[in-house]
Structures are given as structure tokens and as C-alpha cells.
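Colleague: Generate coordinates for the sequence data below:
(one chain, ligands or ions: 3)
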Amino acid sequence: YENITVSDSYKGPRLNENCQPTVEFMEQLETTFKAQKELHKRYIFHMLTIALEKFRKLPTMIDISVPDDGKLTVCGDTHGQYYDLCNIFKLNGPPSPENPYLFNGDFVDRGSWGLEVFMTLLGWWLHDPKCMYLTRGNHETKNMNELYGFEGEVKHKVGPNAFRTFQTLFQSLPVAYLINKRVLVMHGGLPMVDNIELDDIRKLDRFCEPGEAGTLTDLLWADPQDAPGRGTSKRGTSAQFGPDITAEFCKQNGLDYIIRSHEVKEKGWESAHNGKCWTIFSAPNYCDQRGNDGAYLTIRPDNNLVPIPNEFKAVEHPPCQPMMYANPMMRMAGL
Ligand SMILES: O=C(O)c1nn[nH]c1-c1ccccc1
Ligand SMILES: [Mn+2]
Ligand SMILES: [Mn+2]
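Modeller: Numbers count the residues shown, from 1 in each chain. Ligands and ions are numbered 1, 2, ... in the order given. Next up is the predicted model:
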């Protein structure tokens, strides 16, 4: 990025050399992105480079400690719906150490502002890693980005050689968070092996693309089911887990419940498996067609960590259809 010069005509936000975005930078970034203008490529590559160095050093599962008088807001899939992301910060306040957020994967693909969503979330994380936590979703993977739009979006907005850098950064994202030792968060769901312990997740090598099977794939792809036991995935990847699996996993690992995302819900959230499996989805009117609400969960120790759902509607966005940059075959197929 050092070789990319920024001309005087550039009117967008400028990043300081230590690559620590200020609140003012983040406010300017929102103004720039909302006007559908660009963050300069020098700053995009600078942020990606520094973020990669920092993410690489993080564990695969990260402990979050929410103070007794504090809170954590957990959001689910945002899928490039930038204007709805801005609405979350308008409804619930901007990220700060007193108002921290966990975004639980699937930042990109489907919606056509994946770059803006991810650079905004990354900017807040670089501003202060205590105000923003990011989980890898199954859409932070090469195969999905090639099919569902983000590869095309990055090529269009950043250039032909940028996607590889995003892939490397996506591979370095944590895949699970443990809140106050009692709540586990992942994008998809539970690993398909019995007697799995939290340490097995901590020891995972995450610096790769998820394969056809395995614990990393399950954490990014699995879904809950109502029937006991395990079932075949409707997606063709990983599998489904029943209420008994969730109860046993929570019991063995001293957890109250798990939070996951990965599935659209009519209200944006759902509590299943007797309150031990919460789903949170934060892309309202998904793909401009589902009509669903979005939601985010407020987690407070003074509410005994019981999630408080907050539902919200989609907001207006500029005329740019979903999957704008995807392979036209995918757009035609309405996939
Ligand atoms: O794109 C989505 O809706 C999505 N979000 N998480 N997983 C998927 C998905 C996975 C496979 C095929 C289609 C969608
Ligand atoms: Mn998703
Ligand atoms: Mn997903």
C-alpha cells in the first residue's frame, strides 16, 4: 500500500500512518460510503495489511468478558446490506468500549455493499478491538465469494488483485467467542463429533478454507433441527444437530446456551432447543425480497446473560440490486 499515492483531489477520509482509525475517520467513512463514494485503495490495503498482522496473533476462540454493569450487542448476518448496518448503529448507538458489538459472520455476498460493510466493521475493530468482535461465517470463504458476489464486487470496486488479500484476512478471523465463560457464539453451529470440548475448538487450525467436512466446516455451516440426534444438512454441507446435542454440549462445557446465525428468521431471531440455541440474523428484507425483520441481541450480566431480542425493519437504499457483481448466471437463477 505504501506505493499507492493519494492525490490532492481525493476528498474521502485519510488514515493516519499508524492505521488506527479515529472516531472522526469512522464518521467520515460513513458519509463517504453512504454517498456511494470510495475509500482510497491505499487505505483499504493499509487496513487489510495491519488487520491481518493482528488477526493472525489472535486465538481461534476468543474470550469476551462483559462487566456486571455492561452489555454486549450480538448481530448476525449482514450480507452486504450496508444501509441496514448503519441503521443498527443509529438504533443502538455507535461501537465503543461501553457499547461493544459482536458481528457473527456473513458480512459479504448477496447484498451489493459487502466491501462497505466489511471495511466499516474492520475500521471499528482497528479503532478499538474492545468495541468490535468479528466471527468468520461460511460466506467469508473463497468458494462462496466466487458464487455469491463478493469476488466480483472487490474486483469492480478495488481492483483485480485485491480479492486474495480479503481471502487471507477472512481465513484469519476467529471462529468462536466465549462470553463470560457461559455463552458460546459461532456462525453456523455445533461440531458433529460427540464429546467435543471448548479446547478442541481453541486448538483448531483456522488458517484455511473449510473442507467438505470437519469441525471448522461444522462451526461455519451446521444448522439446528427440532428432531433429536443429528440429521442431514439441507445445504449439502455439514449436518444438523438436535436439542439433545445442544443440551449435552452445553452441559459438558458449562454453558448456558449457544448463539449462532446463518439462517434467515422472520423476526430476525429465534430461540430453539429449550432456549439453548439462539439464532440471530441482521439482514432485514433479505436480498430485497424476503420481507423478514432484522434483529440484534442485547446480552447483559445484570439480566443473567439472557438475550434480549431487538427487531428492526429494512431501510431505504440506493437503487442497486442484490448480487449486482455476482456471476450473472447466479443472478438470473435468483439464487
Ligand atoms: O447466502 C445465504 O443466504 C447463506 N448464508 N449462509 N449460508 C448461505 C448459503 C449457503 C449455501 C447456499 C446458499 C446460501
Ligand atoms: Mn448468511
Ligand atoms: Mn451463513
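Colleague: Which secondary structure element of this protein has the lowest mean pLDDT?
Modeller: Lowest on mean pLDDT, DSSP states H and E among the helices and strands of the chain sits helix 328-332, with a mean of 76.
Colleague: So what's the gap between it and the chain middle?
Modeller: 24 Å (CA atoms, centre = their mean, to the nearest Å).
Colleague: One more: stretch 321-335?
Modeller: 21 Å.
Colleague: how close does Val23 get to ligand 3?
Modeller: 30 Å (CB to the ion, to the nearest Å). Quick note: C-beta positions are derived from backbone N, CA and C, even for glycine.
Colleague: quick one, what contacts the nearest residue to that residue once chain neighbours are set aside?
Modeller: Spatial nearest neighbour of Val23, excluding adjacent residues (CB to CB, 6 or more residues apart in numbering): His127 at 7.0 Å. Contact analysis of His127 by CB atoms under 8 Å, 6 or more residues apart in numbering lists Gln20, Pro21, Thr22, Val23, Phe25, Met26, Pro95.
Colleague: Gly189 too?
Modeller: Each residue near Gly189 by CB under 8 Å, 6+ apart is listed here: 218-219, 221-224, 238, 240-241, 258, 260, 262, 277.
Colleague: Equivalent analysis for Leu297, please.
Modeller: Leu297 makes contact with Thr73, Val74, Cys75, Ile259, Trp269, Trp278, Ile280, Pro307, Ile308, Pro309, Asn310, according to CB under 8 Å, 6+ apart.
Colleague: How about the helix or strand it falls within and ligand 2, touching?
Modeller: Applying DSSP states H and E as the criterion places Leu297 in strand 294-299. No. Residues of strand 294-299 are not located near ligand 2 by CB under 5 Å from the ion, the shortest gap being 12.2 Å.
Colleague: Could you list the buried residues of that strand?
Modeller: Gly294, Ala295, Tyr296, Leu297, Ile299 (16 or more other CB atoms under 10 Å).
Colleague: any idea how far Met144 is from the spatially most central residue of the chain?
Modeller: The chain has Gly105 as the residue nearest its centroid, 2.3 Å off, counting by CA atoms, centre = their mean. Computed as CB to CB, to the nearest Å, the Gly105 to Met144 distance reads 11 Å.
Colleague: Report the set of residues contacting both of the two.
Modeller: Asn138.
Colleague: Model confidence at Tyr101, what's the number?
Modeller: Predicted confidence (pLDDT) at Tyr101: the value is 99.
Colleague: I misspoke; the intended subject was Asn327.
Modeller: Taking Asn327 on its own, its pLDDT is 81.
Colleague: Quick one: the strands in the stretch 151-300 of the chain, in order.
Modeller: 176-179, 183-185, 223-224, 230-232, 239-241, 257-260, 269-272, 277-280, 294-299 (DSSP state E, counting those that start in this stretch).
Colleague: Switch those over to CSV, and while doing so, append mean pLDDT and distance to Ile196 to every line.
Modeller: As requested, the strands of the stretch 151-300 of the chain are exported to CSV (pLDDT from 0 to 100; distance: least, CB to CB, whole Å):
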stretch, mean pLDDT, distance to Ile196
strand 176-179, 98, 11
strand 183-185, 98, 11
strand 223-224, 98, 16
strand 230-232, 97, 13
strand 239-241, 98, 11
strand 257-260, 98, 12
strand 269-272, 98, 20
strand 277-280, 99, 15
strand 294-299, 98, 23
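Colleague: quick one: which of those strands is nearest Asp288?
Modeller: Between Asp288 and the strands of the stretch 151-300 of the chain, the tightest spacing by CB to CB is seen for strand 294-299, at 13.0 Å.
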